[in-house]
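Enquirer: Based on what follows, work out the 3D shape:
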Amino acid sequence: GIDTLLRVPQSVLKRNNKKGDGWTAINGEISNTMAYLLYHPGGDKELMRLVGRDGT
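Expert: Coordinates of the predicted model:
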């Protein structure tokens, strides 16, 4: 489990916007979405639209 939460400012989220290091915020939680590139039903192009941004 996770003992503490880390606040991630928007500026840090924006910097993580490339393949291999792509973060997306969904409902206030940050996820590294790169593990889903091969499995996303919309393809990697659709997933990369939200990398580095809030996808809520």
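Enquirer: What is the neighbour count of the residue nearest to Y36 when sequence neighbours are not counted?
Expert: In this structure, Y36 finds its nearest non-sequential neighbour in L47, 6.3 Å apart by C-beta to C-beta, 6 or more residues apart in numbering. Any C-beta I mention is one placed from the backbone N, CA and C, and that applies to glycine too. L47 sits with 21 neighbouring residues when counted by other C-beta atoms under 10 Å.
Enquirer: which residues does the residue nearest to G52 when sequence neighbours are not counted bridge with?
Expert: Nearest residue to G52 in three dimensions, chain neighbours excluded: N17, at 2.7 Å (C-beta to C-beta, 6+ apart). N17 has these beta-bridge partners by DSSP bridges: G22.
Enquirer: before we move on, what about N32?
Expert: W23.
Enquirer: From R15, how far off is it?
Expert: According to C-beta to C-beta, to the nearest Å, N32 and R15 sit 13 Å apart.
Enquirer: Confirm for me that S31 is in contact with T24.
Expert: Yes: S31 is within contact range of T24, at 5.7 Å (criterion: C-beta atoms under 8 Å).
Enquirer: So between the two, which is more surrounded?
Expert: T24 (24 against 13).
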